[in-house]
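[1] Provided below are the primary sequence and the corresponding predicted coordinates.
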Amino acid sequence: MSKVIEINDYSWKYINTKSPALKKINLSIEEGSFVGIIGPNGSGKTTLAYSMDGLIPGQYNGIKHGTVNVFGKEVEDYKTGELQRLAGVVFSDPESQFTAMTVEDELGFGM
């Protein structure tokens, strides 16, 4: 099977923080795998997910070392919105992602 996500010696430090949120992460996920990311609050789960979705470094300021490749391409090399069609994140409170009261209105919002 092919690697869908490959992370090599990846570290991320948010601006104005003393220590990195992620430090020297190495991870490969193959196509068809089912992977759970678990850990206590503040352990870097969300930072890792945002890194695989391109929200980091796209929407957050910080210092990045190493690489995060999704489908063989570095996340920073994707055009805005392109990677998010391939990889997505469901936030811990999914209801905060909804903008409308009905499914019809919700679908219309994206258009």
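    Looks like it arrived, so ask away.
[2] So residue 55 versus residue 89, what's the distance?
    7 Å (CB to CB, to the nearest Å). Where C-beta positions appear, they are placed from N, C-alpha and C, glycine not excepted.
[3] More neighbours: which of the two?
    Neighbours per residue (other CB atoms under 10 Å) separate residue 55 from residue 89, with residue 55 holding more: 17 against 14.
[4] and the closest residue to residue 61 other than its chain neighbours, how many neighbours?
    In space, and not counting its chain neighbours, residue 61 is closest to residue 15: 4.6 Å by CB to CB, 6 or more residues apart in numbering. Applying other CB under 10 Å, we find 8 residues neighbouring residue 15.
[5] which ones are touching residue 15?
    When contacts are counted by CB atoms under 8 Å, 6 or more residues apart in numbering, residue 15 touches 61-63.
[6] Roughly how far does residue 21 sit from residue 50?
    Taking CB to CB, one finds residue 21 at 10 Å from residue 50.
[7] Run through the residues that contact residue 75.
    With contact taken as CB under 8 Å, 6+ apart, residue 75 is in contact with 51-54, 57-58, 68-69, 83.
[8] switch to 6 Å and redo it
    Residues in contact with residue 75, defined by CB atoms under 6 Å, 6 or more residues apart in numbering, are 54, 68.
[9] would you list every one of the strands in this structure?
    Taking DSSP state E, the strands of the chain run over residues 3-14, 22-30, 62-70, 73-74.
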